[in-house]
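# Using only what follows, build the 3D model:
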Amino acid sequence: MPTYNVLHEPWIVVEDLEGAERYLGILDVLEQAHQLRRVVEPAPPIQCGMYRLLLALVMDALDLQEIEDLGALLEDGQIPMTKLHQYIERVSPSRFDLFDEKTPFLQMPAVGAEDGETKSVAELFFHLPTGTNVTHFHHVQANEQAIAPDVCARALCAVAPFMTAGGAGYSPSINGTPPWYVFVKGTTLFETLVLNIYLATTQGMGRGMPAWRQDEAVVPKAPRTCDGLLAGLTWQPREIRLLPGEGGFCTYSGMSASVLVRRIHYGPGAKYDGVNWTDPQVAYKTTEKGRMSIRPQEGRALWRDAGALFLLRQGDYSGDKGKVRFARPAVVDQLRVLRNEWDWTPASASLIFEAYGMRVDKAKVFEWQYDQIGLPDALLDRPRVAERVQQALDLSETISYYLARALKKAYPRNGGGNASALGRLISRSQTTYWNILRDAFMDEFLWTLSAKGVDDPESMQSLLGEWGNRCKEVGLQVVQDAVGPLDANAAALARQQDVLTTFRVSVYRLLHADSLGAKKVKKSKKKGDAT
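Next up is the predicted model:
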């Protein structure tokens, strides 16, 4: 059998502080992390998975217990490689070999080399044409794919965070439908890793063991309890085993390799039983129906969820008359503790966050998403301010809904009998509305709000009123621009005037409600605002 040990083989692409890219193995990446800027990977799910793999390895090897341990590591400025090498020796280097017969890395050993059903290696990739997957830019048939080991290793990293449901018996990974994964971004790769190391003891979560240390066989399709943080980070929702073959040119990278993988063992793996798991990099929303993760939505930019994803702590804010609560990722809460107890401060006045997502419908993948957002450092510790941020976003959402509802009136009978009446016009108008508001929100509203004192509620309320007026002005202009080019006969002109009047009256009532931004708007069951 060939060997490919991910500790030493150059399979991770990194960018150094000068902007040059290099291929390194895991040990070299961690040893040089303080001299590197980031991991480089064009597919966001794979890049996210690689970061989470490195985090799981560092957390398991260093066994950090308290916030003081994390602060001391950050102060030291680099990964202690002696501890890491000792850890590798304890675990056994063979557990990091992609083709090891007993413990192949991030895989489950097959009963026999030729036993069981095999499938194309394309099954490892969300974006390669296989089965019902759409052909995007890799115009190679599934049975013709031949992938190099370094590419396979990167693809395996995305299985735990992003695997979707795949039909009968094929359960999704531990987070179900893929959520937004939030990372605190540091100035170096080392700082990024340390700032995202989550201390399981902070919320009483056990550590468990990562996949490469688990000897207990996973029973396919059988419900399985997550025994801790590291087990969740490296969850195995599929039974995968790479089958190495003759070398040649990789159909994915175009590079020559002495070994290529064409077929894999592929089947159902661990099924999460729904007990004892909260992902530290995921934000949650709790309603009367239970808790759910914050997920990407079609046409919805990341900044529109800034409150839930980055600012609101558990219990800080409840909307919809107390029936909806949000909780930002635990790593963001831990960052607050690190700043307060260890006096860590970011290199600039902004805290930079990265978010990775994948919008899906069961096994169908619509799009990957990656975004980066900078928030004023002062917002992180101020729950009252965070509530105002969420109220401002809720206010913007309500006015967007009013915009869509008003535009419906430009169609005869208010769109009655036609559920998609003026759908494209409404969608374009809402996109324009949100695009205009983004800069005003990110560059003006947040920074002005962060500068106000926590004991100045009247000033913050006044700023919220100003924001509401800004949304009204932008919305009104968008509505006017949308109805202007429509038909100019008498009936059409009357409908256009009705559109403007409806929008103005709705927004006026909203902005003059007793509790600005908190008024509940009962939406139609029909899809009036897809965004």
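# which neighbours does the strand or helix carrying Arg241 have in its sheet, and in what orientation?
Remark: Arg241 resides in strand 238-249, with elements defined by DSSP states H and E. According to DSSP bridges, strand 238-249 forms sheet pairs with strand 256-268 (antiparallel).
# before we move on, back to that, got a list of contacts for the strand holding Arg241?
Residues outside strand 238-249 that contact it (CB atoms under 8 Å, 6 or more residues apart in numbering): 1-2, 98-99, 104, 106-110, 113, 118, 121, 124, 146, 149, 152, 156, 159, 163, 170, 218, 220, 255-269. C-beta here means a position set from N, CA and C on the backbone, and glycine is covered the same way.
# Where does the prediction get shaky in this structure?
The model of the chain has pLDDT under 70 over residues 110-116, 129-142, 200-204, 319-322, 413-419, 421, 453-455, 487, 514-531.
# And it, split by domain according to the record?
12-272, 383-511 (automatic domain parsing).
# Reformat these as a markdown table; add mean neighbour count and distance to Val282.
As requested, the domains of the chain are exported to a markdown table (neighbours: other CB atoms under 10 Å; distance: least, CB to CB, whole Å):
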| stretch | mean neighbour count | distance to Val282 |
| --- | --- | --- |
| domain 12-272 | 18 | 5 |
| domain 383-511 | 17 | 18 |
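# Output these in CSV; the columns should cover distance to Gly315.
Formatted as CSV, the domains of the chain follow (distance: least, CB to CB, whole Å):
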stretch, distance to Gly315
domain 12-272, 14
domain 383-511, 9
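# closest one to Asp279 among these?
Counting by CB to CB, Asp279 lies closest to domain 12-272 out of the domains of the chain; the figure is 5.7 Å.
# wait, which of the domains of the chain is closest to Glu288?
Of the domains of the chain, nearest to Glu288 by CB to CB is domain 383-511, at 17.9 Å.
# can you tell me how far the nearest residue to Ala363 once chain neighbours are set aside sits from Val324?
In space, and not counting its chain neighbours, Ala363 is closest to Gly166: 4.7 Å by CB to CB, 6 or more residues apart in numbering. To Val324, Gly166 is 31 Å away according to CB to CB, to the nearest Å.
# do the same with Trp467
Distance from Trp467 to Val324, by CB to CB: 21 Å.
# how near is the residue nearest the centre of the chain to Pro329?
Among the residues of the chain, the one closest to the centroid is Trp180, at 2.3 Å (CA atoms, centre = their mean). To Pro329, Trp180 is 9 Å away according to CB to CB.
# show me what contacts Tyr252?
125, 128, 138, 145, 147-148, 151.
# same thing but at 10 Å, please
Tyr252 sits next to 121-122, 125, 128, 138, 140, 145-148, 150-152, 154-155 when contact means CB atoms under 10 Å, 6 or more residues apart in numbering.
# next one: Asp100
Asp100 is in contact with 1, 3-5, 92-94, 107, 109, counting by CB under 10 Å, 6+ apart.
# cool, Asp63 as well?
69, 83, 87, 207.
# Test my guess that the first one contacts Met59.
Going back to what we said before, that points to Asp69. No - between Asp69 and Met59 there is no contact under CB atoms under 10 Å: 11.0 Å.
# what sits in contact with each of those two?
197, 199.
# Count residues in the vicinity of Val282, would you?
By the measure other CB atoms under 10 Å, the count of residues near Val282 is 22.
# these two touch, right, it and Phe183?
No - between Val282 and Phe183 there is no contact under CB under 10 Å: 11.3 Å.
# residues bridging contact with those two, i.e. touching both?
With CB under 10 Å, 6+ apart, Val282 and Phe183 have common neighbours 329, 331.
# shared neighbours, Trp180 and Pro329?
When contacts are counted by CB under 10 Å, 6+ apart, Trp180 and Pro329 are jointly contacted by 281-283, 293-294, 308-309, 355.
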